[in-house]
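1. dropping a prediction and its sequence here:
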Amino acid sequence: MGIFDKLFKKKKEEENLWTKCPECKTLLYVPDLKRHLKVCPKCGYHFPLSAVERVEFTLDDTGAQKLFEDVLPTDPLKFKDTKPYKNRLKKAQEQTGLTEAILIVRGYILGREVIFASMDFGFIGGSMGSVVGERFFRACKLAAEERLPLIAVTCSGGARMQEGILSLMQMAKTSLGVGLLKEKGIPYITVLANPTTGGVAASFAFLGDIIIAEPKALIGFAGPRVIEQTIKQKLPEGFQRSEFLLEKGMVDMVVPRKDLKHTLKRLLELTYYSERCWRG
């Protein structure tokens, strides 16, 4: 049993042996797809990853430690739409095996120690509520104190409406957390997965010293359909996709999933020898 099996109580999945790529419609054998890091070997389509899968694919299978799991969501506004918010939380926790939409782990990437934050779109659309903001802020604070690089993988629909203004306040809180890293010269790298939108895109996702995006990820504040309806114009082809943002200088690089781990290691190597960061 590996360390990730001990760390995470994984939800039981149905034994579906085959799936179809939504991009090229190729029928794919699921075990082979997982060996390819859930990237279609025919067309390169990147299937969604859970926060746990992201951790397993990126961190070394040794020395990993979950953090801030004692910070748990509540229902401060007693919010109810078609169902009570507390019921939504319970269902999301059961379906994902997570306690919130962000998972913070202290671990290693090819031998380099990091603080790693991974969001999960399966948990109420990866929305940012007060606990997501608090956990991320604590991750920033710990990284600053321990002088460890922080890597955040974002995948979110934005702020969590069930927490109202408390959710919107997290944009300022997470930005303040990144400021703690800037003050001490600690590297902060963001990886923008599909989709990264709303309040998360407008706050800590775009504050990275280096901003990486996965291929063809949808990235932006409002979605393209909403923008088209607002400005009454047809948007350019590929608008708000990773490659479009790279062309316009909004992200630094677009990195396929298979290359991400080694890319992060190279970036960490660059920062390791900098006088601005790392212990003496």
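-> In hand now; what should we look at?
2. helix/strand/coil for the nearest residue to Pro73 once chain neighbours are set aside?
-> Leaving aside its chain neighbours, Pro73 sits nearest to Val131 (4.5 Å; criterion: CB to CB, 6 or more residues apart in numbering). Using the backbone N, CA and C atoms, a C-beta is placed for each residue, glycine as well. Three-state call for Val131 (DSSP: H, G, I helix; E, B strand; the rest coil): helix.
3. thought Val131 was touching Glu69?
-> No: the criterion here is CB atoms under 8 Å, and Val131 misses it with Glu69 at 10.5 Å.
4. quick one: which of these two has more around it?
-> More crowded of Val131 and Glu69, by other CB atoms under 10 Å: Val131, with 21 against 12.
5. from Glu94, how far off is that one?
-> 17 Å (CB to CB, to the nearest Å).
6. which ones are touching the residue nearest to Gly129 when sequence neighbours are not counted?
-> Spatial nearest neighbour of Gly129, chain neighbours left out: Arg160 (3.9 Å); criterion: CB to CB, 6+ apart. By CB atoms under 8 Å, 6 or more residues apart in numbering, the residues touching Arg160 are Ile124, Ser127, Met128, Gly129, Val132, Ser167.
7. give me the mean pLDDT for stretch 229-240.
-> Stretch 229-240 carries an average pLDDT of 90.
8. quote the end-to-end distance of it.
-> End-to-end distance for stretch 229-240, by CA to CA, to the nearest Å: 15 Å.
9. which one of the contacts of Arg160 has the most neighbours?
-> Using other CB under 10 Å as the neighbour criterion, Met128 leads the contacts of Arg160 with 32 neighbours.
10. quick check: the residue nearest to Pro73 vs Leu103, distance?
-> 12 Å.
11. go on, Ser175?
-> For Ser175 relative to Leu103 (CB to CB), the value is 21 Å.
12. tell me which of the two has more neighbours.
-> Counted by other CB under 10 Å, Ser175 and Leu103 do not tie: Leu103 has more neighbours, with 27 against 17.
13. could you confirm Phe121 falls within a helix?
-> No: assessed with three-state DSSP, Phe121 is coil; it does not lie in a helix.
14. ok, it touching Ser156?
-> Yes: the criterion here is CB under 8 Å, and Phe121 meets it with Ser156 at 6.9 Å.
15. common neighbours of these two, please.
-> Common neighbours of Phe121 and Ser156 (CB under 8 Å, 6+ apart) are Pro195.
16. which one of the two is surrounded by more residues?
-> A direct count of neighbours by other CB under 10 Å for Phe121 and Ser156 places Ser156 higher, at 28 against 22.
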